[in-house]
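Engineer: got a structure for you, letters missing:
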């Protein structure tokens with residue numbers, strides 16, 4: 001009964017709501033309630049540093065990108081809207097990579113196996129940086145604990161001084177220009193990325 005009702009309303013929900021439902025089903029209610037109450041990090045907040053496993057080996061830290069604007073995307077291999085947003089992130093990266101802007105896609109709330117399988121199948125399509133949060137699906141992930149993320153994809157735009165400039169929840173398709181608009185406020189030109197052609 002619940003299954004048939006859910007199937008009827010899914011088209012109206014959209015990808016962002018679906019991701020929240022999927023994520024909510026995999027996290028304890030107390031964690032979700034705390035996240036919703038706390039909200040995302042406000043603009044001007046220093047972006048918390050972290051150390052994660054870089055794709056291809058070694059570790060990377062947010063502080064490695066000091067002096068650059070960073071597009072920090074929290075995603076998971078099991079999340080349809082996250083996967084759908086990757087080509088858009090690639091277009092953003094191509095448009096801004098020569099303007100001291102880095103894109104870091106941080107896989108969170110996911111299994112190592114899921115991440116590695118997705119990366120093996122897809123990493124050749126993308127030229128931006130990928131990393132994995134070793135906390136996996138535990139509630140102490142970087143996304144949940146440090147960045148107050150309650151649903152994915154969630155993207156933070158971090159300025160050259162290491163402070164949060166903006167945050168973007170969800171992905172509504174190629175016409176979604178919220179990342180480009182946030183970058184523009186920092187003087188970064190993303191060209192026609194996301195514009196309707």
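Structural biologist: Thanks, I have the structure now. Keep in mind that what you see is a predicted model, and the values were worked out from it rather than measured. Numbers count the residues shown, from 1 in each chain.
Engineer: do a quick rundown of the strands in the protein.
Structural biologist: 51-54, 59-61, 69-75, 101-107, 129-132, 154-158, 164-169 (DSSP state E).
Engineer: now mean neighbour count too, for these, in CSV please.
Structural biologist: For glycine as for every other residue, the C-beta is placed from the backbone atoms N, C-alpha and C. As requested, these are exported to CSV (neighbours: other CB atoms under 10 Å):
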stretch, mean neighbour count
strand 51-54, 17
strand 59-61, 14
strand 69-75, 25
strand 101-107, 24
strand 129-132, 22
strand 154-158, 25
strand 164-169, 20
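Engineer: among those strands, which comes closest to residue 123?
Structural biologist: Shortest distance between residue 123 and the strands of the chain, using CB to CB, is found for strand 129-132: 6.5 Å.
Engineer: distance between the closest one and the chain's centre?
Structural biologist: Its chain's C-alpha centre and that of strand 129-132 lie 11 Å apart, by CA atoms, centre = their mean, to the nearest Å.
Engineer: same for it, what does it pack against?
Structural biologist: In terms of contacts (3 or more CB pairs under 8 Å, 6 or more residues apart in numbering; DSSP states H and E), strand 129-132 is packed against strand 51-54, strand 101-107, helix 112-122.
Engineer: please repeat the previous calculation with a cut-off of 10 Å.
Structural biologist: strand 51-54, strand 59-61, strand 69-75, strand 101-107, helix 112-122 (3 or more CB pairs under 10 Å, 6 or more residues apart in numbering; DSSP states H and E).
Engineer: spit out the contact partners of the residue nearest to residue 184 when sequence neighbours are not counted.
Structural biologist: The shortest distance from residue 184 to any non-neighbouring residue, by CB to CB, 6 or more residues apart in numbering, is to residue 190 (6.8 Å). Contacts for residue 190 were tallied using CB atoms under 10 Å, 6 or more residues apart in numbering; they are 91-96, 99, 101, 177, 179-184.
Engineer: select, out of the helices and strands packed on strand 129-132, the one closest to residue 168.
Structural biologist: Here strand 69-75 is closest among the helices and strands packed on strand 129-132 (CB to CB), at 8.9 Å.
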